[in-house]
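1. please work out how this folds:
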Amino acid sequence: MTPPHERRASHATPDDAMPAATALIAEDEPLLAAALQADLVALWPGLQIVAQVGDGRRAVEQALALRPQICFLDIRMPGQSGLEAAQALAEDWPDGEPFPLIVFVTAYDQYALQAFEAQAVDYLVKPVDRPRLAACVQRLQARLAAATPPAQALQQSVDQLRALLAMAPSAALAAAAPLRLEVIQAQVGAVVHLVPVDEVIYFEAADKYVRVVTAEKDHLIRLSLKDLLPQLDPQRFWQVHRGTVVQARCIATARRDESGKVYLGLRGRSETLTASRLYAHLFKGM
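-> Here you go, the predicted model:
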């Protein structure tokens, strides 16, 4: 027999008042993903689950292809975390398209639930309980019914994600307080090139490597950008995209387009870099 509190939760909103919607579930534990989908179907009969994936990269691919209205993203997944997947979506989402509502699913590790509440991004704690999910469903329905203009909805999500990403660095990394890099060692065959960090114009993620770009030459190092970032001085090196970090003094110009993206001209290089919406606030002018 269904417990009374679950019967009440499943009828929190009348069926005829439930707007149809589409959703994607990204959860690497199949049993939890199946349970979440079953509960969502029971609470929101009009909801169509358009994709169920088990890692962050696949979540981004499917969300960009299918354009769901809601994404349930597990915080910890293989490939990319839920936060990284949301960041990728905010950077790559087509202009003028309604940005999905993001619901994070967390096992309450280093992320404080108060942080999610403060940023008005909904969250669910694993294992997800039916009354809490019912409240989440009502909140999502209200947001969808509000019909926020696409540009405003995207900007709201960008602001929320920017605040969450600022709180996301691991406690272990913070405690370790790694020494700042002064020299990059880039090996090519039997030769190791020593590149002073001060000469680096920007770093760019390249699969499992990082491209180290100076005025005279490019190098590849076997290190992820995520692992490199804590070793760089954030006052000198600004992250302007999930895959790009630029030395601030090497930025000559910043030009903003109508979509909110910013294009950076560099000192010492002819190419232009793109700063995503998440980092456009770094270039406000004075």
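
2. per-residue confidence for the closest residue in space to residue 235 that isn't next to it in sequence?
-> Spatially, and ignoring its direct neighbours in sequence, residue 235 is nearest to residue 248 (7.7 Å; CB to CB, 6 or more residues apart in numbering). To be clear about C-beta, it is placed using only N, CA and C from the backbone, and glycine gets the same treatment. In this model, residue 248 is scored at 96, pLDDT.

3. please name the residues that touch the most centrally placed residue in the chain.
-> The chain has residue 87 as the residue nearest its centroid, 2.3 Å off, counting by CA atoms, centre = their mean. By CB atoms under 8 Å, 6 or more residues apart in numbering, the contact set of residue 87 is 161, 165, 242, 278.

4. can you do 6 Å?
-> residue 242 (CB atoms under 6 Å, 6 or more residues apart in numbering).

5. what helix or strand does it sit in?
-> Using DSSP states H and E, residue 87 sits within helix 82-92.

6. mean confidence (pLDDT) on that helix, please.
-> 89.

7. check residue 5 and give its pLDDT.
-> Confidence for residue 5, expressed as pLDDT, is 43.

8. then residue 112?
-> 48.

9. hang on, the earlier thing: and the helix holding residue 87, which residues are buried?
-> 82-91 (16 or more other CB atoms under 10 Å).

10. how about stretch 213-223?
-> Neighbour-count burial for stretch 213-223 [16+ other CB under 10 Å]: 213-214, 219, 221, 223.

11. so of the residues you listed, which ones are in strands?
-> 213-214, 219, 221 (DSSP state E).

12. give me the buried positions along stretch 182-191.
-> Those would be 184, 186, for stretch 182-191 by 16+ other CB under 10 Å.

13. residue 284: neighbour count?
-> Using other CB atoms under 10 Å, residue 284 has 8 other residues around it.

14. low-confidence stretches in the stretch 51-200 of the chain?
-> Confidence mapping of the stretch 51-200 of the chain against pLDDT under 70 gives the ranges 108-121, 166-178.
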